[in-house]
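Peer 1: need a structure here:
(one chain, ligands or ions: 1)
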Amino acid sequence: MKNARIITPLPGPLARELIARDAAVVSPAYSRDYPFVMAHGRGAEVWDVDGNRFLDFAAGIAVCSTGHSHPAVVQAVKDAADRFLHISSDFWHEGQVRLAERMAQLAPMKEPVMSFFAQSGTESVEAALKLARHATGRPRFIAFLGGFHGRTMGSLAFTASKYTQQKGFFPTMPGVTHVPYPNPYRPLFAGDESGEATLHYVERTLFASNLPPGEIAAVLVEPIQGEGGYIVPPDGFLAGLRALCDRHGILLIFDEVQCGVGRTGRMFASEHWGVAPDIVTLAKGLGSGLPIGLMLAKRSIMERWPRGAHGNTFGGNPLCCAAALATLDLVEAQYRENAARVGRHFMQRLRDLAARHAVIGEVRGKGLMIGMELVTDRGSRTPATALCEAVVTRAFHNGLLLLACGTSTVRFMPPLMIGEADVDEAIAILDASLDEAGACATADGSR
Ligand code: PLP
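Peer 2: Numbering: from 1, shown residues only. Got it, this is the predicted structure:
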């Protein structure tokens, strides 16, 4: 392989040793697909404890937006750490106010916006749900099949990308009704316009038969579905959802935890369609690796919950705020544009690859949020789930870190600073990995 430097069988001896120690003391609940044991990273490259070098197109699940240990982010965190490590949300500090001011300028709402600080995606979503209930006085919500919003008991009630996330945890928060997310590749409703069909289903069937719209606080939706399969909704869907919410006094919450902060080539993915939500959740790429989440809401809504209604200990941590401010500087100045440009090159290279590999059913996405759907044959569009897992595993052995999503989609969420040469290297590894995974599947008859 051109630049990959895999120098031991994987996992190497030091990785094996650490994984064995981990198995004795760390919870087995985590989804760990292949044995990568991190030693250090720079930009889009990571090294494992045995000295093997990988290209990282998973970026800590879309978190390391500016690349691993970007010097400007590291410096900002060091400077903040030298001043103080923590003060709590009971007090004020400059970094937190500066970040909220910055978000107020960037937010996709066309009116004044306020921030609530958290540490993770799920906590941002919990804050959005609590605010929506409090502000509207309404108890119910609408969510989407395939959606992922976190794993705490509130956000978990909305999460619906794999049943294993739910199994064994019922009852979660009551009052959530799921509807199909419009998937143009595999529409659940008949007809060409899956977005419109979903909206009609909600308004004409659900509201008429079962769900009183006047009891719905909010609709929670990912502008581009992440864990559910990197699904880009049809044009007009988000605008239609906005109009539906407005007709019934329902708040619209965009979960941009995965698709936000420049990943799609825009600061917020919803900007691709020019649709403004009432509330937005962010986390992942915002802190370049430091744990920060934000819930942004129109001031007219945020002002509706009083002092003491919600809070936390670590929200607005000074190191996380410093990392987020440095990240936003880089994303605004260079990486948002870079994601759009390099993303176009990447999509083209993947589409070229599809000409060689009939198992690639579709390549879709925006910016550097790209999914490659694998199918057993293009006519039936049947998901090739085992093959997808095998491709991700073979890519690891060839020096490329990837993750899957949906039923059979390989997802690409590299750091936003990658160049075209990184893409070309990844494509070469992917090409070989598709061949190898296909050969294994053919040999054991599993495809
Ligand atoms: N929302 C979306 C869209 C996500 O993709 C995720 C995580 O993958 C979450 C929320 C939950 O974030 P966290 O894992 O930080 O709790």
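Peer 1: Hmm, residue 385 is touching residue 406, no?
Peer 2: No - checked against Cβ atoms under 8 Å, the pair residue 385 and residue 406 is beyond contact range at 9.4 Å. C-beta here means a position set from N, CA and C on the backbone, and glycine is covered the same way.
Peer 1: which residues sit against the helix or strand hosting residue 218?
Peer 2: According to DSSP states H and E, residue 218 maps onto strand 216-221. Residues outside strand 216-221 that contact it (Cβ atoms under 8 Å, 6 or more residues apart in numbering): 125, 128-129, 132-133, 135-136, 138-144, 147, 149, 158, 181, 238, 241, 244-245, 248, 250-255, 278-279.
Peer 1: So if I had to pick from residue 385 and residue 406, which one is more boxed in?
Peer 2: residue 406 (25 against 15; other Cβ atoms under 10 Å).
Peer 1: what pLDDT does that one get?
Peer 2: Listed pLDDT for residue 406 reads 97.
Peer 1: How about it, nearest residue that isn't a chain neighbour?
Peer 2: residue 229 (2.5 Å; Cβ to Cβ, 6 or more residues apart in numbering).
Peer 1: ok, how many other residues are close to the one you found?
Peer 2: 23.
Peer 1: cool, the one 3 residues further on as well?
Peer 2: One way to gauge burial is a neighbour count; for residue 232, by other Cβ under 10 Å, it gives 23.
Peer 1: For the stretch 101-250 of the chain, which residues score under the pLDDT cut-off?
Peer 2: 191-192 (pLDDT under 70).
Peer 1: The closest residue to the ligand within it and residue 259: what is the separation?
Peer 2: Closest approach between the stretch 101-250 of the chain and the ligand, counting by Cβ to the nearest ligand atom: residue 121, at 2.1 Å. Computed with Cβ to Cβ, to the nearest Å, the distance linking residue 121 and residue 259 is 11 Å.
Peer 1: Over to residue 357?
Peer 2: Distance, residue 357 to residue 259, by Cβ to Cβ: 26 Å.
Peer 1: Looking at the two now, which is surrounded by more residues?
Peer 2: residue 259 (31 against 17).
Peer 1: In space, what's closest to that one - neighbours in sequence excluded?
Peer 2: Distance criterion Cβ to Cβ, 6+ apart; nearest residue to residue 259, sequence neighbours excluded, is residue 269 at 3.9 Å.
Peer 1: That neighbour and residue 224 touch, don't they?
Peer 2: Yes - counting by Cβ under 8 Å, residue 224 is a contact partner of residue 269 at 5.1 Å.
Peer 1: How far away from the center of its chain is the helix or strand harbouring residue 78?
Peer 2: Per DSSP H and E, residue 78 falls inside helix 71-83. When C-alpha coordinates are averaged (Cα atoms, centre = their mean, to the nearest Å), helix 71-83 and its chain have centres 26 Å apart.
Peer 1: Show me which residues of the stretch 201-350 of the chain sit near the ligand.
Peer 2: By Cβ under 6 Å from any ligand atom, the residues of the stretch 201-350 of the chain that approach the ligand are 222, 226-227, 255, 257-258, 283.
Peer 1: Taking those residues, tell me the two that lie furthest apart.
Peer 2: Greatest spatial distance in these: 227 and 283, 13.6 Å, computed using Cβ to Cβ.
Peer 1: Which one's more surrounded, the two?
Peer 2: residue 283 (28 against 23).
Peer 1: re earlier: filter the contacts of strand 216-221 down to the buried ones and hand me the PyMOL line.
Peer 2: Restricted to buried positions by 16 or more other Cβ atoms under 10 Å, the PyMOL selection for the contacts of strand 216-221 reads:
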select buried, resi 125+128+129+132+133+135+136+138+140+141+142+143+144+147+149+158+181+238+241+244+245+250+251+252+253+254+255+278+279
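Peer 1: which ones among the contacts of strand 216-221 are found in helices?
Peer 2: 125, 128-129, 132-133, 135-136, 238, 241, 244-245, 248 (DSSP state H).
Peer 1: what's the closest non-adjacent residue to residue 326?
Peer 2: residue 76 (3.9 Å).
Peer 1: Who are the contact partners of the one you found?
Peer 2: 322-323, 325-326.
Peer 1: what two of those residues are the furthest from one another?
Peer 2: Across the contacts of residue 76 (Cβ to Cβ), the longest gap, 7.5 Å, separates 323 and 325.
Peer 1: higher neighbour count, the two?
Peer 2: Ranked by neighbour count (other Cβ under 10 Å), residue 323 and residue 325 place residue 323 first, with 28 against 18.
Peer 1: Would you verify that the more buried one is located in a strand?
Peer 2: No - Residue 323: not assigned to a strand; according to DSSP: H, G, I helix; E, B strand; the rest coil it is helix.
Peer 1: My guess is residue 331 contacts residue 417. True?
Peer 2: No - taking contacts as Cβ under 8 Å, residue 331 lies outside contact range of residue 417: 9.6 Å.
Peer 1: quick one on the thing from earlier: and the angle for the strand holding residue 218 with helix 237-248?
Peer 2: Orientation check (axes from the mean of the first three to the mean of the last three Cα atoms, to 10 degrees): strand 216-221 against helix 237-248 gives 180 degrees.
Peer 1: residues contacting residue 98?
Peer 2: Going by Cβ under 8 Å, 6+ apart, the list of residues near residue 98 reads 321, 325.
Peer 1: Quickly find the element holding it.
Peer 2: Going by DSSP H and E, residue 98 is part of helix 94-106.
Peer 1: Check the offset of that helix from the chain's centre.
Peer 2: 22 Å.
Peer 1: Of all the residues in it, which ones are buried?
Peer 2: Of the residues in helix 94-106, 95-96, 99-100, 102-103 count as buried by neighbour count, 16+ other Cβ under 10 Å.
Peer 1: Same check on stretch 185-195?
Peer 2: By 16+ other Cβ under 10 Å, the buried positions in stretch 185-195 come out as 185-187, 193-195.
Peer 1: So what does the residue of the stretch 301-447 of the chain found nearest the ligand look like in phi/psi?
Peer 2: Going by Cβ to the nearest ligand atom, the ligand is nearest to residue 405 of the stretch 301-447 of the chain, at 9.3 Å. Per-residue torsions, residue 405: phi -160, psi 170 (degrees, to the nearest 10).
Peer 1: do residue 401 as well
Peer 2: When read as degrees, to the nearest 10, the backbone of residue 401 gives phi -90, psi 120.
Peer 1: Would you mind confirming that it makes contact with residue 46?
Peer 2: Yes - shown here, residue 401 and residue 46 form a contact pair, counting by Cβ under 8 Å, at 6.9 Å.
Peer 1: who touches both of those two?
Peer 2: 36, 54, 56.
Peer 1: Name the helix or strand for the second one, please.
Peer 2: Just to be clear, that refers to residue 54. Assigned by DSSP H and E, residue 54 falls in strand 53-56.
Peer 1: Now do the domain split for this structure, please.
Peer 2: 13-69+334-443, 71-330 (automatic domain parsing).
Peer 1: In stretch 52-61, which residues are buried?
Peer 2: Those would be 52, 54-61, for stretch 52-61 by 16+ other Cβ under 10 Å.
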